[in-house]
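> fold the following, please.
(2 chains)
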Amino acid sequence: MFRFIARRLLQIIPVLWFIITATFFMIRFVPGGPFTAEKAVTPEIMRNLEAHYGLNKPLYQQYFDYMGNLLLHGDLGPSFKYASRTVNEIIADKLPVSIELGALSLGMALFFGLILGIIAAVKRNSIFDYLASSVAMIGICVPTFVLGPLLVLFFAIHLGWFNASGWYSNIDRILPSATLGMVYAAYVARLTRGGMLEVLNQDYIRTARAKGASEFRVIFRHALRGGILPVISFLGPAIAGILTGSFVIETIFQIPGLGREFVNSAFNRDYTLVLGTVILYATLIVFLNLIVDVVQVWLNPKLKFE
Amino acid sequence: MAASLSPTKMPVANLTPDQLENGSSLWRDAWHRLAKNQLAVFGGVTLILLTIACLVGPLISSYSYEDQNLNLGASGPSLSHWLGTDTLGRDLLVRLLVGGRISIGVGLCATFVALSIGVAYGAIAGFFGGKIDALMMRIVDIMYALPFTIFVILLMVFFGRNIVLLFVAIGAVEWLTMARIVRGQILSIKKMEFIEAAHSLGLGKRRIIFRHMIPNVLGPIIVYTTLTIPAVMLLEAFLSFLGLGVQPPLSSWGVLIKDGAEKMEEFWWLLVFPGSIFSLTLFSLNFLGDGLRDALDVRSSKD
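Sure thing, here's the model as predicted:
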């Protein structure tokens, strides 16, 4: 297991290097700089601005400076748009909000998805099964950017139970994370149902029943461990999807998180902030995928760390 | 029911001599199985109707998608405007149909890009095997873990929001699964006699891959193409919703949903109708794809 993790970590280095380098050069070769939006800047001021941020140096020099600061100090540089703020500060400010939203959504997805999936598998072809598959179908076919506004329309504007947007009290967390979690709850339910059905027919489940284990114990102690495996391998893509899905959710509900900041920074051509956010997201996704892989092998003795 | 169990029991009298000679092909069997799947048939019919409506509807409607009627403004569904009008008094139904042309068009074009890359990549990896295969599939594994949506967003922001770049960028992201599926299928037919025969006839590698192998793995390719289209349309709408996809004066379903979401407090129909049409399309494509998968019995690709 140690060797498996070590080898995967070694693979991560070139991947992250490639992402950073590709993004760095991609955004430098783009027409229009970060200061073109500011109106009526004299060439002199422009030169001073560029000198201040080191943009007048040769490109390779800028690249090495950036990588040096990043590797030695973990410093992502100053923001071009928000004068006097660094990218690190902005991320430290906005990331917790996005993480809270992501964690809540994933939690909802797993909670409702597992419950629906287990019920659907245990009570196969019953009304619960059809109900679960209908809910799963809606989750898969109605995208978040349709579901979100619809939920706001009904629960916030029509019924007045929630605020339509904002991120102030705990009740403001419910609609955004339900919207984002719904799609993944649907997939989780479908995968859980499939996984459980496969496991429930196996001999060791019959053995467990024959030994007189209660139905509850059979399902949650014996079957779930195997039935949940497809869900675990789906967690990697789900986490990546929830991270990128938060761009739209944070826009719809006006949540001050990093996702909205990323989209804005891309519009503003705030080079350093875009780069910093991409690096952060890539690192998060790559490491979370590694964790998911480790958990997967740890839960399923048939797989080996290779 | 009996016919589905064994196709040979079909009443012989109904068959022309031509059909008797051909017997029941894989494709005809698959077609019968598909026709029994109600959800898949529903999906297929809906898609055909939607496509025809999008192509023909704007031509025969008395409104054009940019005709403004500022005196009318936003009005709810009525007899003269079936789905109502937007804030500029434009007919929503016509705008939906015209937007559908763009959404479906982008969906098809981007899927074609993904299909071309994925099939060629997977076929080459599977055909050569060994180290080349290991390296190529390792690259796919690594790319699976990357935050590609973020890259598409960056591409769209930085290189202008033009529609060609849009479907190239989306296609370049969505080919990975296709490559995996095709590779698996190629591996499984690689050692079969007809391929050996092609080798012994002295045919070139390119000819064997593209003329002998790929036609024999068409089933899974068709299934995955059908399932890629909704994924692609979803990504297009996602980008358009963020303001990064299709730009005015063109509109797509994503753009209409975005506009509707901004004005839904007063004018619910601007959100509800585009949202429903888009969801209905995704629903149809997904079920048609699932139905095709069952009909063609593509075991290796079930999730």
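
> starting at the chain centroid, how far to the helix ranked longest in chain A?
If you go by DSSP state H, chain A has its longest helix at helix A:87-122. Remark: helix A:87-122 is offset 8 Å from the chain centroid, using Cα atoms, centre = their mean, to the nearest Å.

> that helix - contacts with which helices or strands?
Helix A:87-122 sits against helix A:127-141, helix A:174-200, helix A:224-227, helix A:229-252, helix A:258-267, helix A:271-299, with contacts defined as 3 or more Cβ pairs under 8 Å, 6 or more residues apart in numbering or on different chains; DSSP states H and E. Glycine gets a C-beta too; all of them are placed from N, C-alpha and C.

> in the chain, which helix or strand is least confident?
Since no chain was named, I'll use chain A. Using mean pLDDT, DSSP states H and E, helix A:43-52 stands out as the lowest-scoring helix or strand of chain A, at a mean of 71.

> after it, which helix or strand is next?
The helix or strand immediately downstream of helix A:43-52 is helix A:59-73, counting by DSSP states H and E.

> where does the prediction get shaky in the stretch 51-200 of chain B?
By pLDDT under 70, the low-scoring segments of the stretch 51-200 of chain B are B:65, B:67-76, B:79-83, B:89, B:145-146, B:160-161.

> which parts of it sit against chain A?
Contact residues, the stretch 51-200 of chain B versus chain A (Cβ under 8 Å from any Cβ of the partner chain): B:142, B:144-147, B:149-150, B:153-155, B:157-159.

> just give the nearest non-adjacent residue to residue B:44, would you?
Closest residue to residue B:44 apart from its sequence neighbours, by Cβ to Cβ, 6 or more residues apart in numbering or on different chains: residue B:288 at 5.1 Å.

> swap that for residue B:237, please
Among residues not flanking residue B:237 along the chain, residue B:254 sits closest, at 3.2 Å (Cβ to Cβ, 6+ apart).

> one more: residue B:174?
Excluding its sequence neighbours, the residue lying closest to residue B:174 (Cβ to Cβ, 6+ apart) is residue B:114, at 4.2 Å.

> that neighbour sits in which helix or strand?
helix B:92-128.

> could you list every helix and strand that the next helix or strand after that helix packs against?
Sequence order places helix B:130-144 as the next helix or strand after helix B:92-128, per DSSP H and E. Under the contact definition 3+ Cβ pairs under 8 Å, 6+ apart, helix B:130-144 sits against helix B:92-128, helix B:176-189.

> the residue nearest to residue B:174 against residue B:175, yeah?
Yes: between residue B:114 and residue B:175 there is a contact under Cβ atoms under 8 Å: 4.2 Å.

> so for these two, which residue has more residues nearby?
For residue B:114 versus residue B:175, neighbours defined as other Cβ atoms under 10 Å in any protein chain shown are more numerous around residue B:114 (27 against 24).

> list the contacts of the more buried one.
B:170-175, B:178, B:228, B:232 (Cβ atoms under 8 Å, 6 or more residues apart in numbering or on different chains).

> spit out the contact partners of the residue nearest to residue B:251 when sequence neighbours are not counted.
Closest residue in space to residue B:251, ignoring its immediate chain neighbours: residue B:99 at 4.6 Å, by Cβ to Cβ, 6+ apart. Listed by Cβ under 8 Å, 6+ apart, the contact partners of residue B:99 are B:251-253, B:255-256, B:274.

> still on that earlier bit, most neighbours among the contacts of residue B:114, which one is it?
Neighbour-wise, these (other Cβ under 10 Å) top out at residue B:170, 31 neighbours.

> what strand or helix carries it?
Element membership for residue B:170 (DSSP H and E) is helix B:163-173.

> for residue A:215, state which of the contacts of residue B:114 is nearest.
For the contacts of residue B:114, the minimum distance to residue A:215 (Cβ to Cβ) is 41.2 Å, reached by residue B:228.

> where's the closest one, which helix or strand?
Here residue B:228, judged by DSSP H and E, is contained in helix B:218-241.

> what's near enough to touch the spatially most central residue of chain A?
Geometric centre of chain A, nearest residue: residue A:243, 2.2 Å, by Cα atoms, centre = their mean. By Cβ under 8 Å, 6+ apart, the contact set of residue A:243 is A:98, A:102, A:259, A:281, A:284-285, B:147.

> neighbour count and distance to residue A:154 for the residues you listed - can I get that in CSV?
What follows is the contacts of residue A:243, written out as CSV (neighbours: other Cβ atoms under 10 Å in any protein chain shown; distance: Cβ to Cβ, whole Å):
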residue, neighbour count, distance to residue A:154
A:98, 27, 26
A:102, 22, 24
A:259, 25, 24
A:281, 22, 32
A:284, 18, 33
A:285, 20, 33
B:147, 20, 32
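
> show me where pLDDT drops low in chain A?
Applying pLDDT under 70 to chain A flags residues A:30-41, A:52-54, A:301-306.

> swap the cut-off to 90 and go again
Along chain A, segments meeting pLDDT under 90 span A:1-102, A:109, A:112-306.

> hmm, residue B:96 and residue B:86 touching each other?
No: Residue B:86 lies out of contact with residue B:96 (Cβ under 8 Å); the separation is 10.5 Å.

> ok, now how distant is the one residue in the stretch 1-150 of chain B that gets nearest to chain A from residue A:263?
Nearest to chain A, among the residues of the stretch 1-150 of chain B, is residue B:149, at 4.2 Å (Cβ to the nearest Cβ). Residue B:149 sits at a distance of 11 Å from residue A:263 (criterion: Cβ to Cβ, to the nearest Å).

> and residue B:138, by the same measure?
According to Cβ to Cβ, residue B:138 stands 32 Å off from residue A:263.

> which one of those two has more residues nearby?
Shown here are residue B:138 and residue A:263; by other Cβ under 10 Å, residue A:263 has more neighbours (21 against 11).

> burial count for the closest residue to that one other than its chain neighbours?
Using Cβ to Cβ, 6+ apart and skipping the chain neighbours, the partner closest in space to residue A:263 is residue A:247 (5.3 Å). When neighbours are counted by other Cβ under 10 Å, residue A:247 registers 26.

> once you drop chain neighbours, what's closest to residue A:300?
Nearest to residue A:300 is residue A:229, by Cβ to Cβ, 6+ apart, at 5.5 Å.

> how about the one you found, what does it touch?
Residue A:229 makes contact with A:195, A:296, A:299-300, according to Cβ under 8 Å, 6+ apart.

> mind giving me the packing neighbours of the helix holding residue B:228?
helix A:144-151, helix B:92-128, helix B:148-158, helix B:163-173, helix B:176-189, helix B:253-263, helix B:269-296.

> and the residue nearest the centre of chain B, how far from chain A?
Nearest to the mean C-alpha position of chain B, counting by Cα atoms, centre = their mean, stands residue B:229 at 2.1 Å. Shown here: residue B:229 relative to chain A, a distance of 13 Å by Cβ to the nearest Cβ, to the nearest Å.

> ok so, going back, okay, the angle between the longest helix of chain A and helix A:258-267?
Relative orientation of helix A:87-122 versus helix A:258-267 (axes from the mean of the first three to the mean of the last three Cα atoms, to 10 degrees): 130 degrees.

> what angle do helix A:87-122 and helix A:271-299 make?
30 degrees.

> and the angle for helix A:87-122 with helix A:229-252?
Using the same axes, to 10 degrees: helix A:87-122 against helix A:229-252 is 130 degrees.

> show me which residues of helix A:87-122 are buried.
Residues A:87-88, A:90-91, A:94-95, A:97-98, A:101-102, A:104-106, A:108-110, A:112-114, A:116-122 are the ones in helix A:87-122 that count as buried (16 or more other Cβ atoms under 10 Å in any protein chain shown).

> what's the answer for stretch B:237-257, then?
Result for stretch B:237-257 [16+ other Cβ under 10 Å]: buried residues B:237-247, B:251-257.

> what do you get for stretch A:285-303?
A:285-286, A:288-290, A:292-293, A:297.

> go on, stretch A:264-276?
A:265-266, A:268-276.
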